[in-house]
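In: Pasting the sequence and the predicted coordinates here, then a few questions.
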Amino acid sequence: MSAARKTGVGVGEKAPDFSAQDETGRSWSLKALKGKTVVLYFYPKDNTSGCTVEACDFRDRFDSFAKKKVALLGVSPDTAKSHAGFKAKHGLPFPLLVDEKKDICRAYGVWKTKTLGGRRSMGVERSTFVIGPDGVVLHALRKVSVSGHAEAMLEAV
């Protein structure tokens with residue numbers, strides 16, 4: 001595993017390809033999206049407060065992303081069943097990729113040790129990557145603040 005993979009991918013680097021299914025079982029890969037700008041956002045858990053706000057903000061701007069021909073994909077370690085319920089409950093129009101083994105999270109360097117109340121555990125560091133049509137990372141945002149994030153990503157593409 002290269003050093004870039006251990007610490008995560010950065011701006012100007014080739015984005016790691018991935019292959020994953022969404023909440024419906026449809027397969028997605030970065031390779032299949034070549035030629036499109038991709039916003040790949042990683043979030044910790046379906047149906048939690050911050051993740052819901054973030055997903056709904058992306059939902060509310062989805063048409064604007066679509067007008068710019070941007071593929072928007074959410075990724076978390078939750079199951080397809082969890083994603084399906086989350087998506088239905090909030091009317092999310094974009095795919096939520098299942099990463100139960102955390103392979104995509106690790107490839108992008110967002111599976112991290114987190115500390116809460118003195119306890120350490122592994123989890124997803126809320127992060128977003130904008131990947132250009134050539135597969136190169138244009139923006140890599142880590143430790144994302146939910147407030148205003150979707151709007152900032154829309155301006156970045």
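Out: All right, it came through fine. Numbers count the residues shown, from 1 in each chain.

In: Going by neighbour count, which residues of stretch 115-131 are buried?
Out: Gly123, Val124, Glu125, Arg126, Ser127, Thr128, Phe129, Val130, Ile131 (16 or more other CB atoms under 10 Å). Where C-beta positions appear, they are placed from N, C-alpha and C, glycine not excepted.

In: isn't Lys36 right up against Lys68?
Out: No. Contact between Lys36 and Lys68 fails when scored by CB atoms under 8 Å: they sit 10.0 Å apart.

In: any idea how far Gly50 is from Lys87?
Out: 17 Å (CB to CB, to the nearest Å).

In: more neighbours, those two?
Out: It is Lys87, of Lys87 and Gly50, that has more neighbours when counted by other CB atoms under 10 Å, with 21 against 15.

In: Once you drop chain neighbours, what's closest to the residue nearest the centre of the chain?
Out: By CA atoms, centre = their mean, the chain has its centre lying nearest to Tyr41, at 2.0 Å. Using CB to CB, 6 or more residues apart in numbering and skipping the chain neighbours, the partner closest in space to Tyr41 is Thr128 (4.3 Å).

In: my guess is that neighbour meets Leu141, correct?
Out: Yes. Between Thr128 and Leu141 there is a contact under CB under 8 Å: 4.8 Å.
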